[in-house]
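Participant: Sequence below, structure please.
(one chain, ligands or ions: 2)
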Amino acid sequence: MAEASVDLPAEILLSKRVQEMVLDKKEPPAPYKCRDDADSEDDDPISMSPIPLIDLGCLLLSTSEVPAQEIVEVLEKINAALSSWGCFQAIGHGISNLLLDKVRQISREFFAQPMEEKKKYAKTVVDFEGYGADPVPEEGQSLDWSDRLFLNVQPEDQRNYKFWPMTPESFRDVLLEYTDEMKRVTELISRAMAKSLNLDENCFLKQFGERSQLQARFNYYSPCKRPDLVLGLKPHSDGSGYTIIMQDEVGLQVLKDDKWYKIPKNPHALLVLMADQMEIMTNGIFKSPVHRVLSNSERDRISVAVFYTPEVGKEIGPEDGLVNERTPKLFKMVKDYADTHFGYYQRGMRALHTAQA
Ligand SMILES: O=C(O)CCC(=O)C(=O)O
Ligand SMILES: [Fe+2]
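Facilitator: Ligands and ions are numbered 1, 2, ... in the order given. The predicted model follows:
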């Protein structure tokens, strides 16, 4: 049975944002407490991080400008990283440092505003889009020590501008500039992933479809006096195809072989993180890793996650070229998997088994 504190009506539980509780200097309330001891965490110095770092620079040039061997090596690195870690930090992606700085800046400025200003973009408890927390978890699930603003950006006709901040003034323009760049980067990475698996370079782009979706999630992680008791974001895998994350501080960790590894701070890098639908399309070759965000007692943190997801209503499934007698089909065709995923996510569970063949 759910704990009494979690049985409070969702409207009450989520009406106060984490950022307000921090300003009040309160201890975390019971529904946010989700762990009683810090489990095995990777405390290696940042320079020792084993998370693969890949320079995509040569993929931006025309093939006549780059030795073929250089391209082969980058594709091999991508394949190795995604088959083992399910993620890599990308540099040389072609997005200017100036734009990355602007995205960090508008995110910080948005969350730094008074609560009345942010609440102009507030979601209702059951909605997903807008400012606030994720819809209230079911069955006594703990709450995340973070606030977020979630926006549909592509296709354009799916935008709900009532949720798009008018302040800071440059917010909308910077978001649009960034998501245009994200569109370009997802095309680059989708082609590179296909080539790294010896598939037709457009195969994943075809599966994502002409009306593929880009959604932006701005996360704000307030400091917490008891980081050992809460999590900024609970362990989960993403329900998208894949996700591209920009962060300004450490805090994000990925799980590999039962150990948590931190994603190092690198202002020029973007984390390319496989999600469940790429695991399905690659017939299990690329892994969709479980990840989480730790809280910090002193520092706040910003991240912007852009989810790249197949078009609504489109069936996706394992690429034919990856299925044969030795490697049978592990997944069936699915559509709108992100919706199925969300139902499980709210219960703190993974959904990938629902797509098993
Ligand atoms: O804050 C981060 O770095 C990760 C965010 C994340 O995992 C998500 O929004 O799904
Ligand atoms: Fe995530």
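Participant: Any idea how many residues pack against the closest residue to ligand 1 within the stretch 1-150 of the chain?
Facilitator: At 7.2 Å from ligand 1, Arg148 is the closest residue in the stretch 1-150 of the chain, using Cβ to the nearest ligand atom. Just so you know, the C-beta spots here come from the backbone N, C-alpha and C atoms, and that holds for glycine as well. By the other Cβ atoms under 10 Å criterion, the neighbourhood of Arg148 contains 22 residues.
Participant: Helix, strand, or coil at it?
Facilitator: Of the three states, Arg148 takes strand under DSSP: H, G, I helix; E, B strand; the rest coil.
Participant: got a list of what it touches?
Facilitator: 131-134, 217-220 (Cβ atoms under 8 Å, 6 or more residues apart in numbering).
Participant: which of these has the weakest pLDDT?
Facilitator: Ranked by pLDDT, the contacts of Arg148 bottom out at Asp134 (83).
Participant: in a strand, that's where that residue is, yeah?
Facilitator: No: going by three-state DSSP, the assignment for Asp134 is coil, not a strand.
Participant: Identify the residues contacting it.
Facilitator: Contacts of Asp134 were listed using Cβ under 8 Å, 6+ apart, and they are 128, 144, 148, 346.
Participant: Now tell me what touches stretch 182-194 from outside.
Facilitator: Identification of contacts with stretch 182-194 by Cβ under 8 Å, 6+ apart yields 56, 59-60, 74-75, 78-79, 82, 90, 93-95, 154, 200-205, 208, 212, 214, 242, 244, 270, 272, 278, 282, 286, 306, 308.
Participant: oh sorry, the question was meant for stretch 240-248
Facilitator: 100, 103-104, 108, 182, 185-186, 189, 204, 208, 212, 215, 252, 263, 265, 267, 270-278, 281, 301-310, 338.
Participant: ChimeraX command to pick out the buried ones of the contacts of stretch 182-194?
Facilitator: A single ChimeraX command selects the buried members of these (16 or more other Cβ atoms under 10 Å):
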select :56,59,74,75,78,79,82,90,93,95,154,203,204,205,208,212,214,242,244,270,272,278,282,286,306,308
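Participant: Show me the contacts of stretch 182-194 that map onto helices.
Facilitator: Among the contacts of stretch 182-194, the residues falling in helices (DSSP state H) are 74-75, 78-79, 82, 203-205, 208, 278.
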